[in-house]
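> This is a predicted model, with the sequence first.
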Amino acid sequence: MRFIVLVGPAGSGKSTLTAELADTIESYGPSVARVNYDPAAEKLPYEPEVDIRDFVTVDEFMEEGLGPNGALIAAVDTSFKYVSEIRDKISDINADYVIIDTPGQLELFAYRVGGPVVLRAVIGDSPAATVFLMDAVFFEEPIGMVSILTLASSVAVRLQLPQVNVVSKSDLLREEVIEEVIPRLGEEGFLSGLIASMDNVDDFVRNLARSLSDALYVSGFIGEVIPVSIHDPDSLSKLYAKLQQILAGGDDYIFYDYTV
Ligand SMILES: Nc1nc2c(ncn2[C@@H]2O[C@H](COP(=O)(O)OP(=O)(O)O)[C@@H](O)[C@H]2O)c(=O)[nH]1
Ligand SMILES: [Mg+2]
C-alpha cells in the first residue's frame, strides 16, 4: 500500500481529483482505494471504499453547540479514536494505492496538530506523499503565488511527508502563465524576480513577499510545480508518474514513462 494524501483549500478540486486520479492509476493496472476523510462532505464524485462519515459526523458536534468549522475540527480530532478500525478497513482492501481525500479547512493541516497526528496514524509506516492543490486562480499574479506557496510550505512542515505541489484546474490558466510562468517557477529566484518587478504594491509588501519567496527557494521547497486538469488526461498521467517516482519501491510496479 502506498498512500497519496490530497490536501488543499476548500474548492481546490481534491474530491474531483480523488475520483480522476484513482481512475487514471487504475487504467495503468494498479488497484486504488478511495478514502473520504472529510466528515462534512455532502456529495462525493466517487464511491469511497472507506468513509470517515461512518465513524464521526459533523452534526453530532454541531448539536453540542459548535459552529461548522469547530465541529469539523472536533470530528477529525475525534476520529483518532477509530484510527485502528479505519486502518484495518484500509488494510483489508489491500489496494496498491490509497488516496485520502481531506477537508478544505486548512488549519487542520497547516497549523493544528490534530490533522497530521490522525493522518500519520492512518498511514502507519507505509510510503506516503502529499499532493497539495493550488487553485489556478492564485497564479494570476505574484502575490497570489507567494501566498499559496507559503501555505503549501506550512502543510509540508506539519505533515512532514514528501509533497508534490500542483496547480489544479490548470485548464483555467492563461496561455502565458502555462507557458512562461509555471515551467519556470522552480528556477532559483524566478518568483522573487516577478515580485521585485511589481510596481502596484508598496515597499513593505514587496519586501515581505520577496523575503517569503526567497526563503522558499533557499530551502529548496519550490521545485517542480505540476499543472493538473481533469480535462487533460495527460496531466493526470504526469502526476501519477511523479507520485510513482516518489513512492516507487516494488518490482511489480510498471513505471509509466513520460517526457515533459
Ligand atoms: N475547470 C476545472 N474545474 C475543476 C477541476 N477540478 C475540479 N473542478 C471543479 O472545482 C469545484 C470544486 O471541486 P471539489 O473537488 O469539490 O473541490 P474540494 O472542495 O477541494 O474537494 C467543482 O465544481 C469541480 O467541478 C479542473 O481540473 N478544472
Ligand atoms: Mg471535497
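Noted; the coordinates are in hand. Residues are numbered from 1 along each chain as shown. Ligands and ions are numbered 1, 2, ... in the order given.

> Tell me, how many residues neighbour Ile246?
With neighbours defined by other C-beta atoms under 10 Å, the count for Ile246 comes to 16. C-beta coordinates here come from the backbone N, C-alpha and C atoms, glycine included.

> Tell me which residues touch it, please.
Pro127, Ala129, Pro162, Val164 (C-beta atoms under 8 Å, 6 or more residues apart in numbering).

> at 10 Å what do you get?
For Ile246, the contacting residues are Arg2, Ile4, Pro127, Ala128, Ala129, Thr130, Leu161, Pro162, Gln163, Val164, by C-beta atoms under 10 Å, 6 or more residues apart in numbering.

> How many residues are close by Glu60?
14.

> do the same with the one 4 residues further on
Applying the criterion other C-beta under 10 Å, we find 10 residues in the vicinity of Glu64.

> how close does it sit to ligand 2?
Here the criterion is C-beta to the ion, to the nearest Å. By it, Glu64 lies 24 Å from ligand 2.

> same check, this time on Val117
Separation of Val117 from ligand 2 (C-beta to the ion) stands at 21 Å.

> surely that residue meets Ile123?
No: in this structure, Val117 is not within contact of Ile123 by C-beta atoms under 10 Å, at 11.1 Å.

> Look at the two and report which has more neighbours.
Ile123 (20 against 14).

> ok, now which ones touch that one?
Neighbours of Ile123 in contact, by C-beta under 10 Å, 6+ apart: Met1, Arg2, Phe3, Val5, Arg87, Ile90, Val98, Ile100, Leu159, Leu161.

> redo that, cut-off 7 Å
The neighbourhood of Ile123, defined by C-beta atoms under 7 Å, 6 or more residues apart in numbering, consists of Phe3.

> Not counting stretch 131-141 itself, show me its contacts.
Outside stretch 131-141, the residues that touch it by C-beta under 7 Å, 6+ apart are 4, 6-9, 12-14, 17, 144-145, 148, 152, 155, 163-170, 172-173, 177, 181.

> close enough to count as contact, Pro39 and Arg53?
Yes: between Pro39 and Arg53 there is a contact under C-beta atoms under 7 Å: 5.8 Å.

> quick one, which of those two is more surrounded?
Higher neighbour count among Pro39 and Arg53: Pro39, with 24 against 18, using other C-beta under 10 Å.

> What sits closest to the more buried one if chain neighbours are left out?
Ala75 (4.0 Å; C-beta to C-beta, 6 or more residues apart in numbering).

> neighbours of the one you found, just the number please.
By the measure other C-beta under 10 Å, the count of residues near Ala75 is 24.

> Restricted to buried residues, select the contacts of stretch 131-141 in ChimeraX.
Only the buried entries of the contacts of stretch 131-141 go into this ChimeraX selection, using 16 or more other C-beta atoms under 10 Å:
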select :4,6,7,8,9,12,13,14,17,145,148,152,155,163,164,165,166,167,168,169,170,173,177,181
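
> So which of the contacts of stretch 131-141 are in helices?
Judged by DSSP state H, these include Lys14, Leu17, Gly144, Met145, Ile148, Ala152, Val155 as members of helices.

> of the residues you listed, closest to ligand 1?
Nearest to ligand 1 out of the ones in helices among the contacts of stretch 131-141 is Lys14 (C-beta to the nearest ligand atom; 3.5 Å).

> residues contacting whichever residue of the stretch 1-150 of the chain sits closest to ligand 2?
Residue of the stretch 1-150 of the chain nearest ligand 2, by C-beta to the ion: Ser15 (3.3 Å). Listed by C-beta under 7 Å, 6+ apart, the contact set of Ser15 reads Ala41, Leu44, Pro45, Asp101.

> What of Ala10?
The contact partners of Ala10, taken as C-beta under 7 Å, 6+ apart, are Gly104.

> Can you pull the phi and psi angles for it?
In terms of degrees, to the nearest 10, the main-chain angles of Ala10 are phi -60, psi 130.
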